[in-house]
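Visitor: After the sequence you'll find the predicted model.
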Amino acid sequence: MFGRWMGNRTNRAQRANPLAGVSVPYGAGVLSCRALDPVNEPVRGAEFAVSDAMGRTIVSGGADPFGSFVATVPAGEYRLAVTAEGYTPYRGNASVGESVHSSLGDIMLQVAQPPALPASGDWEIEPMHSSVGFTARHIGLARIHGRFNTFAGALRIADQFERSAMHVVIDASSIDTAVKMRDDHLRSADFLDVDQFPTLEFYSDRFVHKGGSRWAITGALSLHGVTRTITLDTEYLGTGNGMEGETRAACRATTELHRDDFTVNWQTMLARGIAAVGSSVKIELDIQIVPKT
């Protein structure tokens, strides 16, 4: 009976003081908050960053399934930033006392207006301010970063953006990893076989809005004589004006390719003792487009 009474007393103390039973370092306190959307639902994808008066990040992390964030930090004054895809960022002040639970409560994030889409018509990739890059593993060890230096593309934007279409052509021989011997090998029949397949081509007429500034662009990629369907996870960045006042629009996009899908058999190369690039390659695109003249 005494044990049950003590247990109830302990439970009551923990409810009164959330730090009861929690080990907090000397000179530190606990900061917490929760990110909610305008209908009071948790924002599960929210990211939190706590910085000091000098702007240095002290701690950062993502929300739990309930939209909450809890961190132990030295007692002091802080700035809190909360960001989430499709929402206007929140920034506020936080004061954390020693051995104190400082709760900012519920933070409501407002839905952000997505950037205006480019006008309908014919556009083309502006190569001077665009890049087609990739990252791969070298036999599962160090990362290899590279790019294609020569490419061109056209985009026909429809009045209903989802009905737009694009066509991109990449010069396979322009592959560049900053190591000539490796680039020559990548151009050879072991990899891209640029003599037989001089270009990579991507065509899409399926644009799907995923919410906010996110789009999925699905189309056919032809590489090494094989055509496969891929999807570009795309973030639309909006429109602006260039140095000479010309209108331009920009986006970032990523996808992952598996070389076996394009009949490049890396196991065969390993058996021959050739140092190969890993079986999956991450593609990263930074693209600016301008109206076609």
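Guide: That came through fine.
Visitor: any weak-confidence spans in this structure?
Guide: For the chain, the stretches flagged by pLDDT under 70 are 1-22, 137-141, 259-279.
Visitor: domains for it, by residue range?
Guide: As recorded under automatic domain parsing, the domains making up the chain are 2-108, 121-291.
Visitor: Tabulate those in CSV, adding columns for mean neighbour count.
Guide: In this view, the C-beta of every residue, glycine as well, is placed from N, C-alpha and C. Output for the domains of the chain, formatted as CSV (neighbours: other Cβ atoms under 10 Å):
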stretch, mean neighbour count
domain 2-108, 14
domain 121-291, 16
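Visitor: Columns distance to residue 115 on top of the ones you listed, output as a markdown table?
Guide: Shown next, in a markdown table, are those (distance: least, Cβ to Cβ, whole Å):
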| stretch | distance to residue 115 |
| --- | --- |
| domain 2-108 | 12 |
| domain 121-291 | 3 |
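Visitor: Keeping just the C-alphas, turn stretch 37-57 into PDB.
Guide: The C-alpha trace of stretch 37-57 is given here as PDB (Å, rounded to 0.1, in the frame of the first residue of the first chain):
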ATOM      1  CA  ASP A  37      -1.100  23.600 -39.500                       C
ATOM      2  CA  PRO A  38      -4.000  26.100 -39.700                       C
ATOM      3  CA  VAL A  39      -6.500  23.300 -38.900                       C
ATOM      4  CA  ASN A  40      -4.500  22.300 -35.800                       C
ATOM      5  CA  GLU A  41      -3.000  19.100 -37.300                       C
ATOM      6  CA  PRO A  42       0.700  18.300 -36.600                       C
ATOM      7  CA  VAL A  43       3.100  19.300 -39.300                       C
ATOM      8  CA  ARG A  44       5.200  16.100 -39.400                       C
ATOM      9  CA  GLY A  45       7.800  17.300 -41.900                       C
ATOM     10  CA  ALA A  46       8.700  20.400 -39.900                       C
ATOM     11  CA  GLU A  47      12.300  21.200 -39.300                       C
ATOM     12  CA  PHE A  48      13.600  23.100 -36.200                       C
ATOM     13  CA  ALA A  49      16.800  25.100 -35.700                       C
ATOM     14  CA  VAL A  50      17.900  26.800 -32.500                       C
ATOM     15  CA  SER A  51      20.600  29.500 -32.900                       C
ATOM     16  CA  ASP A  52      22.400  31.700 -30.400                       C
ATOM     17  CA  ALA A  53      22.800  35.500 -30.500                       C
ATOM     18  CA  MET A  54      25.800  35.200 -33.000                       C
ATOM     19  CA  GLY A  55      23.600  33.200 -35.400                       C
ATOM     20  CA  ARG A  56      25.400  29.900 -34.700                       C
ATOM     21  CA  THR A  57      23.200  26.800 -34.800                       C
END
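Visitor: let's number from 663 now, not from 1
Guide: Shifting the count to begin at 663 puts that one at stretch 699-719.
Visitor: Just give me how far that stretch sits from the chain centre.
Guide: Distance of stretch 699-719 from its chain centroid, counting by Cα atoms, centre = their mean, to the nearest Å, is 17 Å.
Visitor: cool, and stretch 767-784?
Guide: Counting by Cα atoms, centre = their mean, stretch 767-784 is centred 17 Å from the centre of its parent chain.
Visitor: Mind listing residues that contact that stretch?
Guide: Contact with stretch 767-784 is made by 695-700, 702, 705, 708, 744, 746, 748-750, 752, 754, 816-821, 823, 874-875, 898-901, 909, 911, 951, 953-954, as judged by Cβ atoms under 8 Å, 6 or more residues apart in numbering.
Visitor: ends of it, how far apart?
Guide: Taking Cα to Cα, to the nearest Å as the measure, stretch 767-784 stretches 49 Å from start to finish.
Visitor: again with stretch 755-764
Guide: Start and end residues of stretch 755-764 are separated by 12 Å (Cα to Cα).
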